[in-house]
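A.B. asks: this is a predicted model, with the sequence first.
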Amino acid sequence: MGVLDLNSPPRPFDIELEGLCAGHSASAYLRGVDWRVAPGQRVGLVGPNGAGKTTLLLTLAGVLPPKSGRALVGGMDLSNQASRRKVPGVLGLVMQDPDDQLLETSVWDDVALGPTCQGLPAAEVKSRVEAAIAATGLDAHLDRVPQRLSVGEKKRVALAGVLARKPDIILLDEPTAGLDPRGRRELIQLLKGLSATLVIATHDLELVLDLCNLATVLDAGLVVKTGPPATLLADQALMESNGLEVPWPLRSR
């Protein structure tokens, strides 16, 4: 996904952070974060409430500027305002509350908003919207008002709007929150079919086990540890010391 520059070598990392400090308050809440995510990885970002997960996603999306440190997303320097404005060209953010990003009066128009704002020809916009609608199973809802859909349907509309922009990197904030079991299963299957780099901030540790090939524990604004989900999330001492619990599928081992 995204535009490939044949004259440029492949990026070793889609996300590269060194000593990143960022946050809403005067004193940065992310405190010296060192973290790297390679293209195509699916990373589960886990930690207790207030760990800084949403702050990290908003910083990666260019919404919050870094206060200090080095932060590259898609090869773009987030400390540079002009570069931050280009981030939506390579990255999409699906917020925890889909109502925060559903703006139009029909599902079709909402999904079309992103590629339209990219200045794409009408035929390309139509093609992208049709593909995103098909991928998220929203064919029966094209003319409905997004704000009147169920939580699960709203989340699919928000994700479809991101997919229609064809980003290289997709950030998801608590994507399974508020979903019933069927909606959760459908979302996981959808995410498994994506080729984009995924960063998923979540309390759903079984989602991380099922979907991700890497997990990162974040607590008090710091990256504590990164590793394979089945190994990292089974570490009882690590989990308990960072306000988490070993997920049920790993407790019998």
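C.D. replies: Looks like it arrived, so ask away. Numbering: from 1, shown residues only.
A.B. asks: okay, domains of this structure per the record?
C.D. replies: 15-90+168-251, 102-166 (automatic domain parsing).
A.B. asks: list the contacts of L57.
C.D. replies: Contact partners of L57, counting by Cβ atoms under 8 Å, 6 or more residues apart in numbering, are L45, L93, L171, D173, V199, A201. The way it works is simple: take the backbone N, C-alpha and C, and place the C-beta from them, glycine included.
A.B. asks: do A38 as well
C.D. replies: Residues counted as contacts of A38 (Cβ under 8 Å, 6+ apart) are P12, F13, D14, T197.
A.B. asks: could you rerun that using 7 Å?
C.D. replies: P12, F13, D14 (Cβ atoms under 7 Å, 6 or more residues apart in numbering).
A.B. asks: now the first one: closest residue in space, sequence neighbours ignored.
C.D. replies: Excluding its sequence neighbours, the residue lying closest to P12 (Cβ to Cβ, 6 or more residues apart in numbering) is A38, at 6.9 Å.
A.B. asks: ranges for the strands of the stretch 51-200 of the chain?
C.D. replies: Taking DSSP state E, counting those that start in this stretch as the test, the strands found in the stretch 51-200 of the chain are 68-73, 76-77, 91-94, 169-173, 197-201.
A.B. asks: what does the shortest one rub up against?
C.D. replies: Outside strand 76-77, the residues that touch it by Cβ under 7 Å, 6+ apart are S83, K86, V87.
A.B. asks: could you list the low-confidence segments of this protein?
C.D. replies: For the chain, applying pLDDT under 70 flags the ranges 1-11, 26-28, 252-253.
A.B. asks: for stretch 170-190, which positions count as buried?
C.D. replies: 170-176, 178-179, 183-184, 186-188, 190 (16 or more other Cβ atoms under 10 Å).
A.B. asks: so who does K154 touch?
C.D. replies: Taking Cβ under 7 Å, 6+ apart, we find K154 in contact with P98, D99, L102, P146.
A.B. asks: kindly report the same for K225.
C.D. replies: Counted by Cβ under 7 Å, 6+ apart, K225 has contacts V217, L232, L238.
A.B. asks: try it again with 6 Å
C.D. replies: Contact analysis of K225 by Cβ atoms under 6 Å, 6 or more residues apart in numbering lists V217.
A.B. asks: which residues does V73 bridge with?
C.D. replies: Note on V73: beta-bridge partners I15, M76, judged by DSSP bridges.
A.B. asks: so G114 sits right up against G161, yeah?
C.D. replies: Yes. With contact defined as Cβ atoms under 6 Å, G114 counts as touching G161 (5.4 Å).
A.B. asks: roughly how far apart are K126 and L190?
C.D. replies: 21 Å (Cβ to Cβ, to the nearest Å).
A.B. asks: and what of A122?
C.D. replies: Applying Cβ to Cβ, the value for A122 to L190 is 27 Å.
A.B. asks: for the spatially closest residue to G227 that is not a sequence neighbour, what are its contacts?
C.D. replies: Take G227 and drop its neighbours on the chain: the residue closest to it by Cβ to Cβ, 6+ apart is A215, 6.6 Å away. Neighbour list for A215: G44, V208, P229, L232 [criterion: Cβ under 6 Å, 6+ apart].
A.B. asks: about what we covered before: show me which of the contacts of K154 are buried.
C.D. replies: Neighbour-count burial (16+ other Cβ under 10 Å) applied to these gives P98, L102, P146.
A.B. asks: out of those residues, which is nearest to A61?
C.D. replies: Using Cβ to Cβ, P98 comes nearest to A61 of the buried ones among the contacts of K154, at 15.6 Å.
A.B. asks: any idea how far that closest one lies from T59?
C.D. replies: Going from P98 to T59 by Cβ to Cβ gives 21 Å.
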